[in-house]
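>>> Provide a 3D model corresponding to the input given below.
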Amino acid sequence: NDSLLLPAEIMAWFIVNVSNATLGSALSGDEPRDKRLAQVKIALLSIIFITAGILNFGLLLVLWKRRKRLSRMRVFVFQLCVADLVVTFFQVCPQLMWDITDRFVGPDVLCRAVKYLQVVGMFASSYMVVVMTLDRHQAICNPMVTFQRRRAHWNGPVCAAWCVSFIGSLPQIFIFSRVEVAPGVYDCWAQFVKPWGPRAYVTWTTLVIFVLPLLAVIVCQVRICRIVRVNFHMKTQQVTGQPPSSRASSVAGVSKARVKTVKMTVVIVLAYVVCWTPFFTVQLWSVWDTEAPTHTATFAILMLLASLNSCANPCIYLLFSGKLPKTLKSLTCVRHTQESTQEEGTMRSRTNASAASTTLVTIRHSKNISRNIYL
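A predicted model of the protein is given here:
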């Protein structure tokens, strides 16, 4: 037999799971899993699933309500939010159910579909960050270029990112299937040609999903930072001490806005690197080192970090948009204004009432005096 069945938990497409059995025990039968580690993984996955679902779904609703006024940058944020929801519902959720049942429950079609959609989310998250960075590079380095269909939800880069995601995930359909791992026990496993099959596949996918996108993002960010630094020095040298014109003020405002979006993109990239680097590192380690400690809790925790990226992206956008603090501040100001207005109205009414009572008393006294005179 030239093929080798590997537990799906060991492969790079099982985002947050660690193999519960060695290769030898997997071929011969079952091995009891660590229940405490499984409980920790289930708890963490539940927290990640709920948090990522609420944050991304809420942000998606906010952006969808303003879809007619979305800027080009917010279009990419919208698509990144969709990609994070794909990760949440088709990657984290199936893995959570998988950890609860310990075995994949479902037919062969569902097994292949789940494995395919898990990688679609990975591809989409990576390449949406790439096209977002390329867009900021175009806006900063070539500001005179006019973007066609500036607010289109499905512009060229977005369509390209999704096409790469759907096409690049196709091998999953042919690699994974529902197989009998023990007498009467079925699971969703991957089948590779030994011994180089797993190493070649995991290394290739690490390159196309993580390494190559990261290199493209780094090159763009370096060029962006260089242009911003040169532009800053040029503006510093052109200061004449005269009050800026309205046109200069508008240009400065646009520059600040673009720099702000660049900063947000940098933070999104850093969060992506921090979350996904440990995952791909341990995946490469697991296929290239036959003595890798794949059963330890360290491997499980490092793989769980990858899913945190879906929670980080909406938080980063809300942090840089600044609309939530402004909304809270405006609500606070309105409340203070209403309270002060009510206090002023109360004081005025009290003053008017006291003045009216004083006038009424004076009139009554004057009437009494006149009555006394006429009597």
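>>> point out where the stretch 1-150 of the chain drops to low pLDDT.
Filtered on pLDDT under 70, the stretch 1-150 of the chain yields the residue ranges 1-33, 143-150.
>>> strands along that one, start to end?
Taking DSSP state E, counting those that start in this stretch to define them, one finds strands in the stretch 1-150 of the chain at 3-6.
>>> domain parsing for this structure?
Structurally, the chain divides into domains by automatic domain parsing as follows: 3-239+246-321, 322-375.
>>> shouldn't Asn155 be in contact with Phe78?
No - under the criterion of CB atoms under 8 Å, Asn155 is not in contact with Phe78, lying 11.4 Å apart. All C-beta spots, glycine's among them, are computed from the backbone N, C-alpha and C.
>>> looking at these two now, which is surrounded by more residues?
Under the criterion of other CB atoms under 10 Å, the comparison of Asn155 against Phe78 puts Phe78 first, with 22 against 19.
>>> for the more buried one, which non-adjacent residue is closest in space?
Leaving aside its chain neighbours, Phe78 sits nearest to Leu63 (4.7 Å; criterion: CB to CB, 6 or more residues apart in numbering).
>>> quick one: contacts for that neighbour?
Counting by CB atoms under 8 Å, 6 or more residues apart in numbering, Leu63 touches 70, 74, 77-78, 81.
>>> would you list the phi and psi of Pro107?
Phi and psi for Pro107, reported as degrees, to the nearest 10, are phi -80, psi 180.
>>> that one: how many residues sit nearby?
Around Pro107 there are 11 other residues, counting by other CB under 10 Å.
>>> so what's it closest to, chain neighbours aside?
Of all residues not flanking Pro107 in the chain, Arg178 sits nearest, at 6.7 Å (CB to CB, 6+ apart).
>>> sec struct for that neighbour, please.
strand (DSSP: H, G, I helix; E, B strand; the rest coil).
>>> pLDDT at it, what is it?
As predicted, Arg178 sits at a pLDDT of 90.
>>> please enumerate the helices of this structure.
Under the criterion DSSP state H, helices of the chain are mapped to 23-28, 35-65, 72-87, 93-101, 108-141, 156-168, 171-175, 197-206, 212-237, 246-288, 297-304, 309-321, 323-374.
>>> list the contacts of Val105.
Contact analysis of Val105 by CB under 8 Å, 6+ apart lists Met97.
>>> which positions in the top strand by length along the chain come out as buried?
In the chain, taking DSSP state E as the definition, the longest strand is strand 185-193. Under the neighbour-count criterion of 16 or more other CB atoms under 10 Å, strand 185-193 has 186-190, 192 buried.
>>> now pLDDT and distance to Phe299 too, for the residues you listed, in a markdown table please.
A markdown table is the format used below for the buried residues of strand 185-193 (pLDDT from 0 to 100; distance: CB to CB, whole Å):
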| residue | pLDDT | distance to Phe299 |
| --- | --- | --- |
| Tyr186 | 87 | 25 |
| Asp187 | 88 | 19 |
| Cys188 | 89 | 20 |
| Trp189 | 88 | 19 |
| Ala190 | 87 | 18 |
| Phe192 | 83 | 20 |
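>>> nearest to Ala52, of the contacts of Leu63?
Cys81 (10.4 Å; CB to CB).
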